[in-house]
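Q: curious how this folds, go ahead:
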Amino acid sequence: MTKTLSGDKQNLDIVNSWGYIWFLTLNVVFCLWLLASDTLNSLCMATIFFSVIGLVLRQVIHREQLATILPLHVLTLGLLWAGMFYLMVKQNNTPALSLSLLIIILLPATISFYISGKILLLFSIPIATSMLLSELATFEKFNMLQIAGSIIIFIVVITARYILLEWYLRTQRSEYAKNLLIKKLTRLAHRDALTGLFNKGSLAVHFADHAKRLSLSDEKLFMIIMDIDFFKQYNDLYGHIAGDACLIKTAKCISQSLRQSSDTAFRFGGEEFVILARCHHADDAVNIAERIRNAISAAKIPHKGSQISAYLTASFGVAQWSAQDSLETLTEHADKELYKAKKAGRNRVSFAR
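A: Next up is the predicted model:
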């Protein structure tokens with residue numbers, strides 16, 4: 001994640017943060033302090049009013065709506081503070097106090113708005129302009145150190161913003177990388193490492209999901225259990241490395257034969273695989289099993305240890321789920337059909353109609 005956030009996302013992050021509440025609260029506190037000194041009454045009251053409005057709106061309207069008016073709200077506060085700084089210097093002859101208050105008000109603004117340079121500028125530019133105009137209008141009240149101090153304050157604000165932004169983006173990149181890692185680990189936890197199909201541990205989750213989806217349509221849920229014929233003999237004859245390669249090829253045949261939106265395949269264990277399929281008719285589920293069986297036959301994987309073919313074959317049992325059946329019951333029904341297919345000569349599909 002190397003790009004900065006969009007303006008809308010930046011504004012939303014600001015209004016969602018505690019920093020925004022902190023900034024508005026400090027506006028109220030600083031203005032109450034100025035009111036106690038009996039100066040700038042009208043501007044202080046206006047600033048308190050708009051700060052409180054921001055705090056209230058954050059609670060009563062959607063944050064997305066507040067994010068859209070955030071630039072105008074911040075600009076209004078910036079203009080009010082600009083007026084206060086101008087009058088403080090020009091009328092009240094308090095350059096030292098204005099410099100101190102400048103630091104006090106710009107520091108929370110920088111911390112609260114560093115995510116968005118635009119928002120920070122909307123608040124800071126009116127204040128910087130008023131300070132410049134007031135210093136030019138009352139130049140004799142300022143010495144060079146005070147003018148240099150104003151410049152240094154704004155340089156600190158700018159540089160602090162970039163330092164905070166760098167930290168923020170680094171945190172975002174770290175969070176992005178962590179989320180990618182979590183997704184990868186989650187995927188690995190639910191996938192069979194050899195074939196890439198879902199593993200047995202994730203069958204219950206997918207079964208519940210398929211069953212839930214049935215309420216949205218007139219489909220029925222079927223389980224297909226398939227077993228590679230004479231796989232022990234295959235391993236004994238060709239070795240376990242070749243056996244693993246055979247399982248990978250078989251998994252590819254399964255994946256290529258499924259419908260993407262309604263079928264899910266699992267490696268159940270060893271040479272046994274399970275497919276969950278939502279179909280409108282039993283014939284559709286049987287056809288899925290037949291497509292897989294034909295795909296395996298078409299792959300022409302040599303199997304000299306087979307007693308029924310020169311090439312690899314598989315047997316299939318298909319069962320339909322009833323609402324009162326558990327996953328274990330459905331598995332038992334499909335397994336019985338698989339046994340029938342094997343007993344009938346293997347390399348076939350069995351379904352109790």
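Q: for A323, grab the count of nearby residues.
A: Neighbours of A323 under the rule other C-beta atoms under 10 Å: 7. (C-beta placed from N, C-alpha, C; glycine too.)
Q: need the helices for this protein, in chain order.
A: 7-16, 18-36, 41-60, 63-90, 95-113, 117-137, 144-190, 203-213, 231-238, 240-257, 282-299, 327-343 (DSSP state H).
Q: closest one to A319 among these?
A: With respect to A319, and counting by C-beta to C-beta, the nearest of the helices of the chain is helix 327-343 at 3.7 Å.
Q: among the helices of the chain, where is the model least confident on average?
A: Among those, helix 144-190 has the lowest mean pLDDT, at a mean of 73.
Q: angle of that helix against helix 63-90?
A: Orientation note: helix 144-190 sits at an angle of 170 degrees relative to helix 63-90 (axes from the mean of the first three to the mean of the last three C-alpha atoms, to 10 degrees).
Q: and helix 144-190, how far out from the chain middle?
A: 19 Å (C-alpha atoms, centre = their mean, to the nearest Å).
Q: pretty sure I248 is touching L197, no?
A: No - under the criterion of C-beta atoms under 8 Å, I248 is not in contact with L197, lying 10.0 Å apart.
Q: these two: which is more packed in?
A: L197 (22 against 12).
Q: for the more buried one, which residues are in contact?
A: Contact analysis of L197 by C-beta atoms under 8 Å, 6 or more residues apart in numbering lists R191, A251, I254, S255, A265, F266, R267, F273.
Q: closest to W167 out of those?
A: R191 (36.0 Å).
Q: how far away is the nearest residue to Q307 once chain neighbours are set aside from A310?
A: Nearest in space to Q307, with sequence neighbours left out and distances taken as C-beta to C-beta, 6 or more residues apart in numbering, is F230 at 6.3 Å. Separation of F230 from A310 (C-beta to C-beta, to the nearest Å) stands at 12 Å.
Q: what touches both of these two?
A: H303.
Q: neighbour count winner among those two?
A: Higher neighbour count among F230 and A310: F230, with 20 against 10, using other C-beta under 10 Å.
Q: mind pulling up the phi and psi values for S309?
A: phi -160, psi 160 (degrees, to the nearest 10).
Q: and it, how far from I296?
A: Counting by C-beta to C-beta, the gap from S309 to I296 is 10 Å.
Q: between those two, which one's more packed in?
A: I296 (24 against 13).
Q: okay, the closest residue in space to that one that isn't next to it in sequence and A299: tell me how far apart.
A: Once flanking residues are discounted, I296 sits nearest to C253: 4.9 Å by C-beta to C-beta, 6+ apart. According to C-beta to C-beta, C253 and A299 sit 6 Å apart.
Q: out of these two, which sits in the busier spot?
A: C253 (20 against 15).
Q: residue contacts, that one?
A: I292, A295, I296, A299.
Q: now those residues in CSV, with distance to S202?
A: Formatted as CSV, the contacts of C253 follow (distance: C-beta to C-beta, whole Å):
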residue, distance to S202
I292, 20
A295, 23
I296, 23
A299, 26
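Q: center of the chain - which residue?
A: Central residue of the chain (C-alpha atoms, centre = their mean): N179, 7.2 Å from the mean position.
Q: ok, Q324 to L247 distance?
A: In terms of C-beta to C-beta, Q324 sits 34 Å off from L247.
Q: who has more neighbours out of the two?
A: Just comparing Q324 and L247: by other C-beta under 10 Å the higher neighbour count belongs to L247, 21 against 6.
Q: how close does the more buried one get to A344?
A: 24 Å.
Q: for S42, same thing?
A: 96 Å.
Q: I103 too?
A: If you go by C-beta to C-beta, the gap between I103 and A344 works out to 88 Å.
Q: same check on L237?
A: For L237, the distance to A344 - C-beta to C-beta - is 25 Å.
Q: the more surrounded of these two?
A: Ranked by neighbour count (other C-beta under 10 Å), L237 and A344 place L237 first, with 15 against 11.
Q: give me the number of residues near L12?
A: 19.
Q: list the contacts for the nearest residue to it once chain neighbours are set aside?
A: Ranked by C-beta to C-beta, 6+ apart and with sequence neighbours excluded, the top spatial neighbour of L12 is A67, at 4.3 Å. Shown in contact with A67 (C-beta under 8 Å, 6+ apart): D8, N11, L12, I14, V15.
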